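# What follows is a predicted protein model with its sequence.
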Amino acid sequence: MTLFACDSLAPRTRRLLAALLVGSIAPTLSASALAAGGSKAEIERGRYVVKLGGCNDCHTAGYAPSGGKVPESAWLMGDSLGFQGDWGTTYPSNLRIYMARLPVDQWVLRAHKMVSRPPMPWFTLHDMTDADLRAVHAFVRSLGPVGSPAPDYLPPGQKANGPVVVYPPAPPASSAPPAAAAPVAASPPIKR
């Protein structure tokens, strides 16, 4: 019994057909890896950094309230839930659309210099290595540019059309040093 129609061909002919097949598929495979933004290992690293960095908490609708039980196909598409405070109202952007338009080198530069409105923890991006930022870019691009843009930023005093999380006003700046924290009592040893 033959598994493939070419099993009856001479070994040299089979090698030639295999070389032609690999030669025609290899450019497609490398092009799709480049289109996604990186290697499988880099994309997996990006997935890890996104999860650990808490990106989904805001940029994926329903992620935090569901305990992370949102399918990956719905990750990082932004949200219409606004965050409102002294700064106005901000919305988590659709990172899939954003990254699709942004070359990796520009992303790395922007991430290292970014300053954003709350609640985006932009300062954590400054601490990421170039390799981690490139991996995040590769992972987000591998998801594909789907979804809609998030609502636009609203300046202070402008009413949001949808639900918002309201932050209390920032405490006044003080020149006094913070009070020392009370010492924490040691837990008793665990007996087994």
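That came through, no problem.
# where along this protein do the helices fall?
11-36, 40-53, 55-59, 95-100, 104-113, 122-127, 130-143 (DSSP state H).
# Quick one: list the elements packing against the second one.
With contacts taken as 3 or more Cβ pairs under 8 Å, 6 or more residues apart in numbering; DSSP states H and E, helix 40-53 sits against helix 130-143. Just so you know, the C-beta spots here come from the backbone N, C-alpha and C atoms, and that holds for glycine as well.
# buried residues in the helix it packs on?
Buried residues in helix 130-143, defined by neighbour count with 16 or more other Cβ atoms under 10 Å: 132-143.
# Residues contacting it, please?
The contact list for helix 130-143, computed with Cβ atoms under 8 Å, 6 or more residues apart in numbering, reads 35-39, 42-50, 53, 55, 72-73, 75-76, 95-96, 99-100, 102, 104, 107-108, 111-112, 125, 128.
# Can you select the buried ones among the residues you listed for me in ChimeraX?
Here is the ChimeraX command that selects the buried residues among the contacts of helix 130-143 (16+ other Cβ under 10 Å):
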select :36,37,38,42,43,45,46,47,49,50,55,75,76,95,96,99,102,104,107,108,111,125,128
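# any low-confidence regions in the chain?
Counting by pLDDT under 70, the chain contains low-confidence ranges at 1-37, 175-192.
# one more time with 50, if that's ok
1-9, 11-34 (pLDDT under 50).
# Check the gap between the most centrally placed residue in it and residue 85 for me.
For the chain, the residue nearest the mean C-alpha position is residue 50 (4.5 Å; Cα atoms, centre = their mean). Residue 50 sits at a distance of 25 Å from residue 85 (criterion: Cβ to Cβ, to the nearest Å).
# what do you get for residue 138?
Distance from residue 138 to residue 85, by Cβ to Cβ: 33 Å.
# Report the two of the buried residues of helix 130-143 separated the most.
Spatially, the most separated pair among the buried residues of helix 130-143 is 132 and 143, at 17.2 Å (Cβ to Cβ).
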